[in-house]
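In: What follows is a protein structure lacking sequence information:
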């Protein structure tokens with residue numbers, strides 16, 4: 001070996017490793033962006049398919065038209081009340097069950113796409129070192145619930161009769177765990193999610209609100225029903241669409257996000273940020289006056 005070769009190799013070692021790290025970092029960032037783009041597309045697909053399924057059932061509640069199933073009242077109000085019966089629940093493959101066009105197929109594919117979208121998005125999340133594994137674990141559980149519920153619904157739509165209710169019930173039981181994990185992930189990403197932490201917290205909060213139990217309680221409180229609220233299904237899809245927009249915003253550089261907001265909203269945001277330190281100081285001053293015996297902090 002040439003005597004100077006060793007010293008040259010040693011001299012170029014650290015720069016070579018630094019360049020390799022930069023390449024790996026760039027590759028990981030590109031891969032993360034691609035995952036988020038795929039996740040956004042899946043979430044949008046889920047929302048669109050779910051809205052189509054919901055419209056097949058409850059369109060008569062909003063616009064005039066023929067009922068989607070023979071034998072229902074001809075007037076829209078009567079048909080709307082009748083369609084709220086669980087007999088027409090395309091999202092639950094349980095007998096007795098009356099299929100409505102291809103609503104069950106679309107709903108099943110919507111739930112499967114939602115599960116895939118959550119799984120893909122969770123793989124792309126960053127922040128502190130412990131955020132990624134916890135997000136992946138939580139996302140995997142939520143994805144298993146949605147996809148596990150969607151697959152029997154899709155098969156039931158194809159068969160024209162309830163199929164796989166036991167599988168559907170087993171998947172829906174995961175909701176007892178996911179209702180705990182997704183709020184925890186919202187808090188985790190809010191404080192430790194890095195640059196996009198606040199947006200990711202909104203995403204996990206949306207994933208909490210979209211789950212069956214919160215959606216059930218919300219829709220019944222807004223549009224009451226003797227069985228299924230006409231907003232059931234629509235609310236989930238609207239929340240999923242919001243989640244897709246939130247993840248799409250993370251693809252935009254931070255310094256350009258404010259430009260998407262109207263000028264009055266941006267001005268209000270700046271005013272609030274300027275006022276927060278003053279408000280905090282006033283609160284501390286008031287607290288000191290109300291508690292004079294408390295030792296001062298210096």
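Out: Okay, I see it. None of the values given here were measured: they were computed from a predicted structure. Numbering: from 1, shown residues only.
In: I'd like the distance between the nearest residue to residue 91 once chain neighbours are set aside and residue 69.
Out: Nearest residue to residue 91 in three dimensions, chain neighbours excluded: residue 107, at 5.2 Å (C-beta to C-beta, 6 or more residues apart in numbering). Just so you know, the C-beta spots here come from the backbone N, C-alpha and C atoms, and that holds for glycine as well. In this view, residue 107 and residue 69 are 16 Å apart by C-beta to C-beta, to the nearest Å.
In: Same drill for those two, tell me which one is more crowded.
Out: More neighbours surround residue 107 than the other of residue 107 and residue 69, with 29 against 16 (other C-beta atoms under 10 Å).
In: Do me a favour and get the backbone dihedrals for that one.
Out: Main-chain torsions, residue 107, degrees, to the nearest 10: phi -60, psi -40.
In: Please apply the same query to residue 130.
Out: phi -90, psi -10.
In: Would you check that it makes contact with residue 191?
Out: No - with contact defined as C-beta atoms under 8 Å, residue 130 does not reach residue 191; the gap is 11.6 Å.
In: sorry, back to before: which residues does the residue nearest to residue 91 contact?
Out: Residues near residue 107 by C-beta atoms under 8 Å, 6 or more residues apart in numbering: 49-50, 53, 90-91, 150, 153-154, 157, 233.
In: The same query, at a cut-off of 6 Å, please.
Out: Shown in contact with residue 107 (C-beta atoms under 6 Å, 6 or more residues apart in numbering): 53, 90-91, 153.
In: So which of those residues belong to strands?
Out: If you go by DSSP state E, those have nothing in strands.
In: nearest to residue 259, of the residues you listed?
Out: Residue 259 lies nearest to residue 53 out of these, by C-beta to C-beta, at 36.1 Å.
In: Contacts made by stretch 239-254 with the rest, please.
Out: Contacts of stretch 239-254 (C-beta under 6 Å, 6+ apart): 36, 39-40, 43-44, 46-47, 121, 196, 199, 202-203, 206, 209-210.
In: Leaving out chain neighbours, which residue sits closest to residue 193?
Out: residue 127 (4.1 Å).
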